[in-house]
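Asks: from the sequence below, what's the structure:
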Amino acid sequence: MRGIFRKFAGNVSRWAGSPGAFILAVLILVIWGITGPLFKFSDSWQLVINTATTIITFLMVFLIQNTQNRETRAINLKLDELLRAISTARNYMIDMENVSDEELEKIEDQFQHLSKALRNKDGQKNHPARK
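Replies: Next comes the predicted model:
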């Protein structure tokens, strides 16, 4: 069941982000707008688009979130493997997605200081924006 849902969610997510899906959505809105005078812009006419978009949005949230979670997990595992494989890497950074926000901020500060020190050491002569 999980495999079927994974494939379905992935396919729907890819399709939903395609130009064809966007064009289809625009066409549906244009057709809905054109039919407004036919239905005298009634409450029922408005309710059709409101209900349809609400249902589609509700379902898409779960499908896209499933795909995003899976891709994020795969990327994290790939990065963890790279950290494990490089002898000079700080292995405590493996599994960083599970540390506290405060700990993430500390490490981010360390990298900002390192970046600043490298820029100062380099005199920014190799900085792409300075060329």
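Asks: tell me what the top helix by length along the chain is packed against?
Replies: What stands out as the longest helix in the chain, according to DSSP state H, is helix 43-85. Judged by 3 or more Cβ pairs under 8 Å, 6 or more residues apart in numbering; DSSP states H and E, helix 43-85 is in contact with helix 2-16, helix 19-34. (C-beta placed from N, C-alpha, C; glycine too.)
Asks: tabulate these in CSV, adding columns for mean neighbour count.
Replies: What follows is the helices and strands packed on helix 43-85, written out as CSV (neighbours: other Cβ atoms under 10 Å):
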stretch, mean neighbour count
helix 2-16, 13
helix 19-34, 11
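Asks: nearest to L47, of those?
Replies: Smallest distance to L47 across those (Cβ to Cβ): 11.4 Å, for helix 19-34.
Asks: so A9 versus G20, what's the distance?
Replies: Here A9 is placed at a distance of 18 Å from G20 (Cβ to Cβ, to the nearest Å).
Asks: er, L104 I mean
Replies: According to Cβ to Cβ, L104 stands 39 Å off from G20.
Asks: okay, the helices and strands packed on helix 43-85 in a markdown table with distance to A74 and mean pLDDT next?
Replies: Formatted as a markdown table, the helices and strands packed on helix 43-85 follow (distance: least, Cβ to Cβ, whole Å; pLDDT from 0 to 100):
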| stretch | distance to A74 | mean pLDDT |
| --- | --- | --- |
| helix 2-16 | 12 | 89 |
| helix 19-34 | 24 | 95 |
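Asks: before I go, just wanted to say thanks for your time.
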